[in-house]
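K.L.:
Provided below are the primary sequence and the corresponding predicted coordinates.
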Amino acid sequence: MARYLANKQTREIHDLINATDACQINEIKGEHRLMVDDEDEVFHLIMEEGFNGCSYCLSEYNTDTIDPDWDDSPWLHL
Ligand SMILES: [Zn+2]
């Protein structure tokens, strides 16, 4: 089963394991849902397709909050 759910309308990606009520995943319409199996695909969507990690459940990939000086930033490993 896919771990991540991308919203094609808002271009946010949610981590279904860490999702909270604030993610409002149930509000995402079927035609806007994109199931994502693994982290490689999450990277691809963020880097190539303009998606962003949800600030609630996938904050380590939220480009609005990432600190470029943070040593453990996943961006360093791309
Ligand atoms: Zn979320």
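P.N.:
Yep, that arrived.

K.L.:
what pLDDT does the closest residue in space to A22 that isn't next to it in sequence get?
P.N.:
Setting aside the residues directly before and after it, A22 is nearest to Y56 in space (CB to CB, 6 or more residues apart in numbering), at 4.7 Å. In short, each C-beta sits where N, CA and C put it, glycine included. On pLDDT, Y56 comes in at 95.

K.L.:
Looks like Y56 contacts T20 (just checking).
P.N.:
Yes - between Y56 and T20 there is a contact under CB atoms under 8 Å: 5.0 Å.

K.L.:
Of the two, give the one with the bigger neighbour count.
P.N.:
Y56 (17 against 11; other CB atoms under 10 Å).

K.L.:
ok, the nearest residue to E12 once chain neighbours are set aside to the ion distance?
P.N.:
Nearest residue to E12 in three dimensions, chain neighbours excluded: C54, at 4.9 Å (CB to CB, 6+ apart). The spacing between C54 and the ion, counted by CB to the ion, to the nearest Å, is 3 Å.

K.L.:
One more: K8?
P.N.:
15 Å.

K.L.:
got a list of what the closest residue to that residue other than its chain neighbours touches?
P.N.:
Closest residue to K8 apart from its sequence neighbours, by CB to CB, 6+ apart: H32 at 4.8 Å. By CB atoms under 8 Å, 6 or more residues apart in numbering, H32 lies in contact with N7, K8, Q9, T10.

K.L.:
can we see that at 10 Å?
P.N.:
L5, A6, N7, K8, Q9, T10, R11 (CB atoms under 10 Å, 6 or more residues apart in numbering).

K.L.:
can you put those in CSV and add secondary structure and neighbour count?
P.N.:
CSV is the format used below for those (DSSP: H, G, I helix; E, B strand; the rest coil; neighbours: other CB atoms under 10 Å):
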residue, secondary structure, neighbour count
L5, strand, 21
A6, strand, 26
N7, strand, 20
K8, coil, 15
Q9, coil, 11
T10, coil, 13
R11, coil, 15
